[in-house]
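S.K.: Using only what follows, build the 3D model:
(4 chains)
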2 protein chains.
Amino acid sequence: MEKTICKFCNLKSAAAKKLNEDEICALGNNCAEVQFKTGDIIIKQDALSTNVVYVKSGLVKIHIKGPIKERIRKIIKAPAYLCLPSTFGDKVNHFSATALEDTSICFIDVNVFKQFIYDNGDFAYQIILDLSKGELQNFHSCLNNAQKQNIGRVADAILFFANEIYNSNSFTLPISRQDLADLTGITRESASRILTDFHNEKILEIDSRKITVVNEALLRQISEKG
Amino acid sequence: MEKTICKFCNLKSAAAKKLNEDEICALGNNCAEVQFKTGDIIIKQDALSTNVVYVKSGLVKIHIKGPIKERIRKIIKAPAYLCLPSTFGDKVNHFSATALEDTSICFIDVNVFKQFIYDNGDFAYQIILDLSKGELQNFHSCLNNAQKQNIGRVADAILFFANEIYNSNSFTLPISRQDLADLTGITRESASRILTDFHNEKILEIDSRKITVVNEALLRQISEKG
DNA sequence: TTAAAAATGTGCGTTATATCACATTATTCT
DNA sequence: AGAATAATGTGATATAACGCACATTTTTAA
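M.R.: Residues are numbered from 1 along each chain as shown, chains lettered A, B, ... in the order given. Predicted coordinates:
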């Protein structure tokens, strides 16, 4: 969904408010742009809603209360849709979203979005392409998680942040060790141990959350081995 | 994607052929309906293609060569789209599809599909709803697989066939034990053992691939426990 | 600046599950 | 029908990873 832009926020702006504890993130009509700060909850699992949500700028984690424990499903980097109409099919969110850095979010009324689809075939087609592609990518990320061992998954996560999010071998991890564990589906202790191992083997330079990939080739090798 | 019907197969019918070993499943133009028998390969991973593929009737498994081993991603029951345009973004399939029973497949030229999107906003919107919903369902099925133990996953798979595919507590499993293992991400031996356990605990009646759910309540309980 | 709270690191026993080896049962083919 | 082949069942190990306990470090708040 890389090349999509929010075509709606220029339309009208409705009254917008951030999500409080028991509040609902649905807006009345049309579209509104809202600023979130690091750590703010953007969408809350099980809350009611009827908006299309678009990440205009920033970084967001999608997380879900699984059958056993919390799981981070993915990290979304702007610009991208965070959720589309049927995500709210029953008007209840099935996931939460939290800002990992200062983030600007567009809430688009689902009827506005629908009308836009009707009027703009090329836009509709692009959305379909993006969704279909995303679905396929899910396939493969699930596969990775399912088949690789813990060490390979952590390697993947580090490479993901370096290459997909920050385009740099040196970055500050935007999430905690626990989050890294929840993202890769392992325990906090295992995540911690593996990072230490990577440091000892001179694959990573680690200073708390500051990470530098020293030996990317080896990291890739670990990822591929599974 | 339950309520969608193939709106294309009434247009024109092009020359259609089944997939041979090294053959390509792409059709020239427009749309063609092709019959497949149980076990036939419908789509082959890494083959070239430029079609939208729609399952008009039958049952299909989507499987992928993972980084380590084969994995069954999901079972698709007609009517449903098997793949959409961007699945072929690079014109190479990233998965295989195999018929689990006699199946009728529509291959739709991507340009025909695109034009239809342009002309029919309601259709486009419906596709978007379906895709978005499917993506979310993937979320949760991944979660299940990731967090539950083997026994819970097998319980899920059995419940899936009973409730989603056959709507009956008595059915013939359309896949082998190995496939069941690949579907749940466990080993063949584990799958086998768990089925035997279920039989001993009088949860299932098992006669080779014929399965009867005797104690669905207990099966659900196992599924929920993880 | 210091105390309290949160996050992280690390050793160790336990356990679920993979892996290996082989027996048994189905299925296919001639 | 009978042989060959494939699929399935099952015991005995090996091992990756979890879970627990607690030490240490970092962050937050007062």
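S.K.: Could you tell me which helix of chain A is the longest one?
M.R.: With DSSP state H applied, the helix covering the greatest number of residues in chain A is identified as helix A:121-147.
S.K.: and that helix, does that touch DNA strand C?
M.R.: No: if you take Cβ under 7 Å from any atom of the strand as the test, helix A:121-147 misses DNA strand C, and the best it gets is 9.4 Å. (Glycine included, C-beta is placed from N, CA and C.)
S.K.: now for the next helix or strand after that helix, which elements pack on it?
M.R.: As assigned by DSSP states H and E, the chain's next helix or strand after helix A:121-147 is helix A:150-160. For helix A:150-160, the contact count by 3 or more Cβ pairs under 8 Å, 6 or more residues apart in numbering or on different chains; DSSP states H and E identifies helix A:121-147, helix A:177-184, helix A:188-200, strand A:210-213, helix A:216-225 as packing neighbours.
S.K.: what packs against the shortest one?
M.R.: Contact analysis of strand A:210-213 by 3+ Cβ pairs under 8 Å, 6+ apart lists helix A:150-160, strand A:170-172, strand A:204-207 as its packing neighbours.
S.K.: Need these in CSV (columns: mean neighbour count, mean pLDDT and distance to DNA strand C).
M.R.: Conversion of these to CSV gives the following (neighbours: other Cβ atoms under 10 Å in any protein chain shown; pLDDT from 0 to 100; distance: least, Cβ to the nearest atom of the strand, whole Å):
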stretch, mean neighbour count, mean pLDDT, distance to DNA strand C
helix A:150-160, 22, 96, 11
strand A:170-172, 14, 96, 11
strand A:204-207, 16, 94, 6
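S.K.: Turn the ones you listed into JSON lines, columns for distance to DNA strand D.
M.R.: Converted to JSON lines, these look like this (distance: least, Cβ to the nearest atom of the strand, whole Å):
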{"stretch": "helix A:150-160", "distance to DNA strand D": "4"}
{"stretch": "strand A:170-172", "distance to DNA strand D": "10"}
{"stretch": "strand A:204-207", "distance to DNA strand D": "7"}
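S.K.: Would you reformat those as JSON lines and include distance to residue A:184?
M.R.: As requested, the helices and strands packed on strand A:210-213 are exported to JSON lines (distance: least, Cβ to Cβ, whole Å):
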{"stretch": "helix A:150-160", "distance to residue A:184": "4"}
{"stretch": "strand A:170-172", "distance to residue A:184": "17"}
{"stretch": "strand A:204-207", "distance to residue A:184": "15"}
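S.K.: closest one to residue A:218 among the ones you listed?
M.R.: Each of those was scored for nearness to residue A:218 using Cβ to Cβ, and the closest is helix A:150-160 (9.0 Å).
S.K.: what's the weakest-modelled helix or strand in chain A?
M.R.: Every helix and strand in chain A was compared by mean pLDDT, DSSP states H and E; the lowest is strand A:31-36, with a mean of 80.
S.K.: Just the residues contacting the helix or strand following that strand, thanks.
M.R.: Once the chain leaves strand A:31-36, the next helix or strand it forms, by DSSP H and E, is strand A:41-43. Outside of strand A:41-43, the residues that reach it under the criterion Cβ atoms under 8 Å, 6 or more residues apart in numbering or on different chains are A:19, A:25, A:36, A:49, A:53, A:60, A:82-83, A:93, A:95-99, A:103, A:105.
S.K.: What of stretch A:161-177?
M.R.: Residues external to stretch A:161-177 that are found in contact with it (Cβ under 8 Å, 6+ apart): A:59, A:61, A:72, A:75, A:77, A:100-101, A:180, A:183, A:188, A:191-192, A:195, A:209-214, A:216.
S.K.: Residue A:198 contacts residue A:204, doesn't it?
M.R.: Yes: with contact taken as Cβ atoms under 8 Å, residue A:198 and residue A:204 are classed as touching, separated by 4.3 Å.
S.K.: list residues touching both of those two?
M.R.: Here residue A:198 and residue A:204 share the contacting residues A:158, A:219, scored by Cβ under 8 Å, 6+ apart.
S.K.: Domain map for chain A?
M.R.: In terms of domains, chain A is parsed into A:1-121, A:143-225 (source: automatic domain parsing).
S.K.: rewinding a little: just the buried members of the contacts of stretch A:161-177?
M.R.: Listed as buried from the contacts of stretch A:161-177 are A:59, A:61, A:72, A:75, A:77, A:100-101, A:180, A:183, A:191, A:195, A:211, A:213-214; burial here means 16 or more other Cβ atoms under 10 Å in any protein chain shown.
S.K.: Residue A:128 contacts residue B:128, correct?
M.R.: Yes: Residue A:128 is in contact with residue B:128 according to Cβ under 8 Å; the separation is 6.3 Å.
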